[in-house]
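Engineer: Fold the stuff below for me.
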Amino acid sequence: MVIALENHWIWDSWYAHDGQRWHAWFLQAPKSLGDPELRHFNVSQGHAVSDDLVTWEHLGVGLAPAEGPAWDDYTTWTGSVVQDDDGLWHLFYTGTSRADEGMVQRIGHATSTDMHNWDRVGDGFCLDIEGPAAEAYEKDFMTGFWHDRAMRDPWVMRDPEGDGWLMYFTARASGIAEANAGGAIGFATSPDLQTWTLQPPVFVGGYGQLEVPQVFEAGGRWYCLFCTAAQHFSKAQAEGTEGGPVTGSHYLVGDSPRGPWSIAPGFLDGALPCRRYASRILSTDDGLVIMGFADHPDGTGFQGLVMDPEPVIVDAEGHLHVAPTRQAAE
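Structural biologist: Residues are numbered from 1 along each chain as shown. Predicted structure coming up:
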């Protein structure tokens with residue numbers, strides 16, 4: 001284990017480097033709940049720091065649901081952190097409300113000078129599925145068709161092709177008959193991290209959901225990491241995946257951060273039962289590494305901790321491969 005708490009389960013995590021050390025934020029919920037399936041709606045965001053991605057100092061809660069009633073008074077889920085040109089840190093996160101019974105997701109925004117104490121920008125609300133591009137998305141809760149109104153896991157980065165910022169998020173496309181073919185990578189743009197414009201999805205298909213997207217460049221190619229479950233493969237994707245569906249993390253590949261994107265062959269880091277989920281790929285002095293939470297790595301109960309980093313290799317064809325450490329293999 002690398003990020004673990006005695007009294008809390010940990011799952012989705014995201015990272016930033018402040019120039020001296022790594023910061024990790026993660027979803028956490030008390031083990032006193034008894035059932036780990038209850039963790040999603042009893043959540044806060046933890047924060048820890050590390051010099052080496054292995055040994056971590058826990059700093060406590062960074063963000064928690066707002067005092068109700070509010071658009072994010074039920075959950076504050078997965079997000080990402082970036083720094084602007086003035087040195088201010090920005091957290092973009094997923095929020096749900098008790099009024100919507102947690103079924104409708106929106107994206108929030110908070111800022112910090114120390115990467116731990118976060119102040120919501122206004123009431124925190126940042127982006128919803130609205131505006132001219134909204135028709136491209138499944139913008140309403142489709143009861144009986146899908147389990148939520150998906151707009152979560154924002155990944156924000158500088159636009160390498162311009163002066164602004166890009167946001168990617170887990171979404172679903174409209175008008176697709178097969179539920180498991182409607183997963184999408186949503187997209188929005190901003191000139192200043194404050195005002196966001198919803199754009200059409202940059203990718204649709206293959207899976208019912210592409211969770212926790214992360215877009216990054218390596219070796220001149222662009223990659224969009226995501227995670228999904230075996231039960232969310234489309235019929236065509238299941239039939240076209242050697243060995244059949246698994247649960248874990250895979251990726252899209254493209255020539256630009258705007259795409260066009262395509263699903264890479266095979267499956268990067270999957271198993272049944274799932275070993276590691278909601279992974280991130282980080283760039284270190286020793287190369288790329290993958291980190292994600294231990295789901296059911298030994299085939300028994302939910303583990304609820306972030307696993308040790310493992311190396312990621314980019315081959316001559318631009319495909320990613322996880323190279324497990326000896327300790328992980330054992």
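Engineer: where along this protein do the helices fall?
Structural biologist: In the chain, the segments counted as helices under DSSP state H are 235-240, 326-329.
Engineer: Now the longest one: buried residues?
Structural biologist: Right, the one you point to is helix 235-240. 237-238 (16 or more other C-beta atoms under 10 Å). Just so you know, the C-beta spots here come from the backbone N, C-alpha and C atoms, and that holds for glycine as well.
Engineer: hmm, who's touching that helix?
Structural biologist: For helix 235-240, the surrounding residues in contact (C-beta atoms under 8 Å, 6 or more residues apart in numbering) are 178, 180-181, 205-207, 244-245, 263.
Engineer: hmm, back to that, any idea which of the helices of the chain scores lowest on pLDDT?
Structural biologist: Mean pLDDT is lowest for helix 326-329 among those, at a mean of 44.
Engineer: Which of the contacts of helix 235-240 fall in strands?
Structural biologist: Ile263 (DSSP state E).
Engineer: now the contacts of helix 235-240: which count as buried?
Structural biologist: 180-181, 205-207, 245, 263.
Engineer: What pLDDT is listed against Val104?
Structural biologist: Predicted confidence (pLDDT) at Val104: the value is 98.
Engineer: ok, it touching Arg149?
Structural biologist: Yes. Here Val104 reaches Arg149: they are 4.4 Å apart, a contact under C-beta atoms under 8 Å.
Engineer: Can you pull the residues that touch both of those two?
Structural biologist: In contact with both Val104 and Arg149: Phe141, using C-beta under 8 Å, 6+ apart.
Engineer: and of the contacts of helix 235-240, the nearest to Asp153?
Structural biologist: Distances from Asp153 to those, taken as C-beta to C-beta, are shortest for Tyr207 (13.9 Å).
Engineer: can I assume that closest one is in contact with Cys227?
Structural biologist: No. Between Tyr207 and Cys227 there is no contact under C-beta under 8 Å: 9.7 Å.
Engineer: tell me the centre residue of the protein?
Structural biologist: Val212 (2.1 Å; C-alpha atoms, centre = their mean).
Engineer: so how far is Ile176 from that residue?
Structural biologist: From Val212 across to Ile176, the span is 21 Å (C-beta to C-beta, to the nearest Å).
Engineer: Can you check the pLDDT for the residue nearest to the centre of the chain?
Structural biologist: 98.
Engineer: what residues are up against it?
Structural biologist: 12, 78, 153, 155, 170, 225-227, 278-280.
Engineer: Same question for Ala173.
Structural biologist: With C-beta under 8 Å, 6+ apart, Ala173 has these contacts: 136-138, 182-184, 201, 204-205.
Engineer: Same check on Met151?
Structural biologist: 94, 105-107, 127-129, 137, 169-171, 186.
Engineer: Excluding sequence neighbours, find me the nearest residue to it.
Structural biologist: Among residues not flanking Met151 along the chain, Gln105 sits closest, at 4.5 Å (C-beta to C-beta, 6 or more residues apart in numbering).
Engineer: Verify the contact between the one you found and Gly95 for me.
Structural biologist: Yes. Counting by C-beta under 8 Å, Gln105 touches Gly95, with 7.3 Å between them.
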